[in-house]
Every structure is written in structure tokens, then in C-alpha cells.
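Peer 1: quick one, what's the 3D model for this:
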Amino acid sequence: MADDTSTSSGSCIRIYGPENFKDNFRIFKKEDEIRPVLAKIERIHDEVKLDNGLCFGLFDPATNILVNSVISNSEGAPPPPPLPPPRRAYAGRRRRRGWEEEDNGSRARAYMAQRSFDGLIAFLTCLFPYLPDAEALAYLDAAELDPLVAALVIISRRGIQDEFDLCSPITEAAAEVALRCSAAAAKHPDPRWFVQAWKKVLSPAVEALGDPAAPPSRETLGDAVRRALDAAAPDVLQLKGSWDLAKGRLAAASSKIYAAPPSKELPPVRAAMKRMLLATIHGLYVQALGRLPTAELRSRYHRSLLLGGYCYGPLDPVSNIIVNTIWYEQNFPTGKQFSVSMVSTQMLWRVAARSLYGLISFLCTRRQGLTPDEAVQCLLMTRADLQAADSNLSATLSADREKPLDFSDSSVFPDSPAAEESTRVASIVEAYTAAATAAFHSSPDPVPLAHPEFLAHQGFGSALEVLHARDGGPLSSEDISLLGGILQSCSSPNSKSHQQHDIAPKMVKNLVYYHMNQSSHRFWGKHERVTVMVGDALDKFNKTVAEGRLFELHIIFGFNEFVSGPVHSKEKVGAYNPWTPDKYSHTHINFLAICKDRPYDPPTIFFAECGKDGADTCWCVPIIPQQPKAEQPRCVYCEHRANRIVHPATESFHGLDEFDKLFYESDRKFYTNNRAIEDCRLDIDWVHGVEDGAIYLNYCPDGEDGDEADWIQIS
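Peer 2: Below is the predicted model:
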């Protein structure tokens, strides 16, 4: 997809997609980046003069070494791992030619440095999603190997400091997992024992450290840690004191870390920002699913929302999705009608990704000097709301009213020639053309809400009242009919000419038809399996709640069948994994449900975990999703499948507490941090055809076999 496309008027329509707005992750660690960090670890050990303390933990590296040394020498501590076999090194020219073995002291020193190195990287990558090992290394190097200072730098760089709660239960649990994974990566013989020891010593050590300007002696701190090890461990890591100390260390080092030019180059944050924006947009689609009436959503609007319900337009994003969904159904009807209980996870994330690139292309076309990275920051700041990002789009304004945009009070845009140039405004029609092109919109016209006819329609005020009524609860069938009538009366002649577009089936080669049938069959198999699981889980939940709080299914919108595994099985593992003999024991699912006695309340999001061995293994809980810029509960299984399921913040589930799989050799052929990022990179913001799209294609065979060249992209 080209970056810039010149129009006949001489303006520039700028179109962005995955091909020209790449993630730019730094995935692989380079040897010339690793060696200086290992040397730095060895220097810190030399300064502290303690050889048996790892330098990762919840303080600065020197203090971590001291605390870990006391912990490792305490009563009941497991023995350290054995040294690896001696490495034979070439002696060099100046000495006798030949091979010599490292002495035990050098070997132990190098091994301790390597263990600390591995533990430091594991800590950050388990604390933050989509952070490759090489980027974690760069942050640690810039922060002088201080893990919490590095974490604060990441939070600041990602722009999430206002919403990321450093002491929330989610962060406390994540820090515990990160600390345990650090120990596992460092080959500690008992990582869970290690974490329990840190729970005991953390608060007493913070108290002993007291005023950073007058640090305690080594003996004073060591005595405090030894006394704490004899006490009972609290239930959670009490992080506030550690974070406060880290903020002080960051303030002292900030001039060096954030120097211009920086002494250490920090990794780019584009990929993380894109994923947060994509999660924001996905959340808007979940809200829109909840606002459409159950019967109409399941029978008609599931298709039009996934194929044409984009979130850009002059209304708020959820209203844009709803109106665009109704408009698409009117103007691109299909002769293939069916009902669903579940929308495709693939297709829901695809329409979110298409909307993401539509939004970016819109803003970059409107403001010619705006970079796509700045557009992403702007959209994150405004929660993907073009009304907030571009005041000219307010529904109360004429669509052709033009004025420069003022972001002078925003910290998003730097003082630069590009930022000044970004105030140059292209027309709304050009911006919508860019958005529609980037989002693969089916209509030759821009999105319908760009048309002055809709904004000026006499029923527009009524449409706004309908869309903003019911406090976010489901619209009624009458509401949908009213909106449809308004859209129908202001549709352009070009859009009306497409109303027979998909009615008649298209003739295709036999091979293509076979492929479509196979893809469709796989979707309906998933649909049946997941719908049964959700029914079992919701029935079980309803037996535990009071009368008047019973729920019924509205729509299923996400699932991952590859949880808890893989385990090699000689038995048939089922249709969910026909390609390998690997068995997975659980499925994670998201769905919306409506309270039967309060049908006009907004639907509730549920998380379900279902075993594959019957209804007794299914359970579900209502959840309130975290904001994308806040701390997130993570699942090792869902992240490795690019299935971004919304998980509960306060309930345990398979995959929450299992990130140490990333660091044990028996599991590393399936699970590594870099693999979770690399293998899922294409799927995260995929905008092209997906297999589940076959259910919406209206084809019939023409009787000819054809060949590979006749295969078409599933849309």
C-alpha cells in the first residue's frame, strides 16, 4: 500500500497500512550489545564484593546483590545450581600455543553475570507485553541495570504513566510473576521459594533503606533482611516503597537517560502504541456489539459490522460503527442469510485493524505534516475519536467548514517543522477517501457520514437522540428501523446502485469452491464447540447468583482453543487441532450477556475458561476490562496465539501464572517471549482476507476444476 497518492487537485492523499507502517521491533540481541552489559554486571559484583547474589530484584542492582546474597545464605535456602562444564578457550599467540581451561573463579564470576543478565531481561519482558528481549536489554542498559527504573522508563516512553497503577493488584501479581520468572531464567533451583523470601524482606528492606541521601551500612541492611526472613511472608509483594525509591533514582539519572542526543538509544515505541490503539478500537467494537439488539445482531448485522462497520466518521466511534453497520447492510445486502451466536474473532480484529489504518490515514491526510506515529499518539489521547482529534468533524458543523486545528496545548506534538506543517488541512472528502481506501471500504464513495446530506438531514437530530439514549444499553428494533430510514433517504445514487451487489451467487472453479466449503466448515465447527461451552459456563454461573441477576447470551466475540498445552496425545485431539497430535486442555472465551430482568442495561462482558472434558470444567465471571494504557492481566497461551482475549483482573486462570514456561528448556520449543511477538506480528494488525470470511461468500461451482491460479483471497 503506497504511502502517498497524489490527487488531481494537487493535494496528497496519504494511505497507511501494515506494509508501510511496520512495527519496527528490535527483536534480536547483538553480541556487541550483550558484552558491555555482562561486563557492567561483573563490575557491580566487584564493587559490592559479593559473589553469590544475583543483581535482579526490586531495588537497584547493588542492593539487589546484597539482599539476594543474604537470602541465598539463609537457613533453608536451596543450594545454588552447579557451574556449567569448563569452557576450553584458545590461549593466544603471546603465551604457549594450545588450549587452556578457564579457572573456577573466572567461570563462577562469568556464570553469575550471565544468570543475572538473563534474570533482568526476564523481569521486564514478563512485566510488560510486546517487549522483545533486545528492547528490554536496551532499557536496562540505559537504566544502569536498575530493573524498576527501566520499568518506569518504559511506562513513560509508552505514554501510559497517567493510567498505569504501579501498586494495583494486577501490578502486584505481575511483579510476583516477573520476579519468579527472573529466578527461573537465572536457573534458581526454587523460584517460588525465592519469591516468598522477597515478600518477607521487601518492606523491612525499604524501611531500612530510609532516606536515599543517607543510605544504611551494608551491615544494617543485611541485619534487617536476615530478621525479616524469620517472619511470615505477606500475601502479596508490597511495592509502593520500592517504586518510590525507584522514582528517586530515575529523577537523579533522568538527565543522562533522556539526554539529547541520548547517551543510550532507547527502543522505538511504535509497535506498543499501535497495539494499545488497536485494543482501544476493539473495545469500541465490543461496545457496539452490545448496543445492537440481540435478534438483529445475530440474524443480520453480524455480517455488516464485520465487513463495513468502521469506527471513523463525524460521530463518536461507537455511533459511527452502528450507523456504518446499518448503512452497509442496506447498500450491500446478501442473498446468504443465517444466524450466529458467535462472531468471528479473526474478523472482529480485522475490522478493528482496518479502522485503525483508516483513522491514521484520515488524520495524516487532513494534516499534511503529521507523521503516522503522531497520529497514533493523537488517537490514543482521544480514544480513537475523530471528533476530538479533528474539531472540523463535529456533527454540529457544516461538513465543508475548514479551519486550522489547534493542538498547541497538547504534549503529543513536538515543536518541530513537521508539527507546524501538520496544521495544513486537506478537505474532509479527501481525508475520508484516504480512510476508506486504507480500510478496504466496499463503496466507491467515502464513508456515508462524510456526505452533507446525512448531516443536514431533518432526521439527523432524531438519529443522535437514538444513538445517545438508553445510557449505552441495547437499542431497540424500532431504534434500528428509525436509523435505517434516515440513512436510506440520504444515500447517494452511487451507493444505491450497489444494493444488488451480493444477491446473486458468483461462479467459481471447483477447487475454489472446495476451499471455501472447507473454511466455512471449520468456522461452524468452532461455532458449535464454543457455543456449547458458553452455554454450560453461563448455566453454571446462573446457579450461583440471586434471582433477578440471571444472564442470557447476547453474542460471543472471542475465543482461544489452545490453552494448557501442548501435550502429545495418541488419541484424536478433536477438530480444534487436526494438524498435529498435540492436545490442549482448555479454551478461553469472551462473550456479552444481558441480565434477563434488566434488558435495557448495557450487556456485561464475561470471561469463560472451559475444559475440553465436559460441562463440569467450565466456569465464567463478569469482568470490567482494563483501559488499554493501564496495567493488564496477561495469559501466556493467548499471547502466543495472537488471541487477545480480555482476561479477569481478580480471578486466577490457566496461563496467568505460567509465564515461567518461557524459561524452562522443556517448554521453550513452544513458548518464548520473542516467539510470541514474532509469530503473531502479522496477525496482530492483519487487514486482508481471513479464513472465517468464507461463511459470508456467496459462491457456487462452475463445474471446472481449475488450478492454484484460480484461488482467490477470502475477504
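Peer 1: show me how this protein divides into domains.
Peer 2: 31-267, 275-496, 508-701 (automatic domain parsing).
Peer 1: of those domains, which shows the lowest average pLDDT?
Peer 2: Per-stretch mean pLDDT for the domains of the chain is lowest at domain 275-496 (a mean of 82).
Peer 1: how far away is Ile623 from Ser462?
Peer 2: To Ser462, Ile623 is 35 Å away according to CB to CB, to the nearest Å. To be clear about C-beta, it is placed using only N, CA and C from the backbone, and glycine gets the same treatment.
Peer 1: more neighbours: those two, which one.
Peer 2: Neighbours were counted for Ile623 and for Ser462 using other CB atoms under 10 Å; Ile623 has more, 18 against 14.
Peer 1: report the beta-bridge partners for the more buried one.
Peer 2: With DSSP bridges as the criterion, Ile623 is bridged to Ile605.
Peer 1: burial of the residue nearest to Leu131 when sequence neighbours are not counted, as a residue count?
Peer 2: Nearest non-adjacent residue to Leu131, counting by CB to CB, 6 or more residues apart in numbering: Thr125, 5.2 Å away. Thr125 has 28 neighbours, counted by other CB under 10 Å.
Peer 1: that older thread, adding distance to Tyr16, write the domains of the chain out as JSON lines.
Peer 2: What follows is these, written out as JSON lines (distance: least, CB to CB, whole Å):
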{"stretch": "domain 31-267", "distance to Tyr16": "20"}
{"stretch": "domain 275-496", "distance to Tyr16": "5"}
{"stretch": "domain 508-701", "distance to Tyr16": "11"}
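Peer 1: looking at those domains, spot the one closest to Phe25.
Peer 2: domain 31-267 (5.4 Å; CB to CB).
Peer 1: Ala183 contacts Gln196, correct?
Peer 2: No. Between Ala183 and Gln196 there is no contact under CB atoms under 8 Å: 10.9 Å.
Peer 1: more neighbours, the two?
Peer 2: Taking other CB under 10 Å, Ala183 and Gln196 do not tie; Ala183 has more neighbours (29 against 17).
Peer 1: so how far is Ala271 from the more buried one?
Peer 2: From Ala183 to Ala271 the distance is 28 Å (CB to CB).
Peer 1: ok, now Ile257?
Peer 2: Applying CB to CB to Ile257 and Ala271 gives a distance of 21 Å.
Peer 1: what do you get for Asn331?
Peer 2: 36 Å.
Peer 1: tell me which other helices or strands the longest strand along the chain touches.
Peer 2: With DSSP state E setting the assignment, residue counts place strand 551-563 as the longest strand in the chain. Under the contact criterion of 3 or more CB pairs under 8 Å, 6 or more residues apart in numbering; DSSP states H and E, strand 551-563 touches helix 270-291, helix 345-366, helix 510-542, strand 586-595, strand 604-611, helix 636-639.
Peer 1: now those as TSV including distance to Pro314?
Peer 2: TSV is the format used below for the helices and strands packed on strand 551-563 (distance: least, CB to CB, whole Å):
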stretch	distance to Pro314
helix 270-291	15
helix 345-366	11
helix 510-542	35
strand 586-595	27
strand 604-611	28
helix 636-639	35
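Peer 1: dump the ones you listed into TSV; add mean neighbour count and distance to Glu552 as well.
Peer 2: TSV is the format used below for the helices and strands packed on strand 551-563 (neighbours: other CB atoms under 10 Å; distance: least, CB to CB, whole Å):
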stretch	mean neighbour count	distance to Glu552
helix 270-291	22	14
helix 345-366	26	21
helix 510-542	17	8
strand 586-595	24	6
strand 604-611	23	11
helix 636-639	23	26
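Peer 1: Glu176 is nearest to which of those?
Peer 2: Once these are compared by CB to CB, helix 636-639 is nearest, at 14.8 Å.
Peer 1: which residues touch that closest one?
Peer 2: 129, 560, 562-564, 584, 588, 644-645, 647, 654-655, 658-659, 661-662, 671, 676, 680 (CB atoms under 8 Å, 6 or more residues apart in numbering).
Peer 1: need the residue closest to the centroid of the protein.
Peer 2: Arg275 (4.9 Å; CA atoms, centre = their mean).
Peer 1: my guess is it contacts Arg681. True?
Peer 2: No. Arg275 is not in contact with Arg681 according to CB under 8 Å; the separation is 10.5 Å.
Peer 1: sorry, back to before: contact partners for the residue nearest to Leu131?
Peer 2: Thr125 touches Leu131, Pro132, Asp133, Ala136, Leu662, Asn673, counting by CB under 8 Å, 6+ apart.
Peer 1: just the buried positions in the strand or helix carrying it, please.
Peer 2: In this structure, Thr125 sits in helix 104-127 according to DSSP states H and E. For helix 104-127, the neighbour count (16 or more other CB atoms under 10 Å) marks 107, 109-127 as buried.
Peer 1: so what's the gap between that helix and the chain middle?
Peer 2: Distance, stretch centre to chain centre, for helix 104-127: 28 Å (CA atoms, centre = their mean, to the nearest Å).
Peer 1: same question for stretch 625-635.
Peer 2: 8 Å.
Peer 1: repeat for stretch 224-242
Peer 2: 33 Å.
Peer 1: for it, measure first residue to last.
Peer 2: End-to-end distance of stretch 224-242: 16 Å, with CA to CA, to the nearest Å as the criterion.
Peer 1: ok, back up a step: tell me the gap between the following helix or strand past the helix holding Thr125 and the middle of its chain.
Peer 2: Using DSSP H and E, the helix or strand that follows helix 104-127 in sequence is helix 133-142. Taking CA atoms, centre = their mean, one finds helix 133-142 lying 20 Å from the centre of the chain it belongs to.
Peer 1: which helix or which strand is home to Ile677?
Peer 2: helix 673-679.
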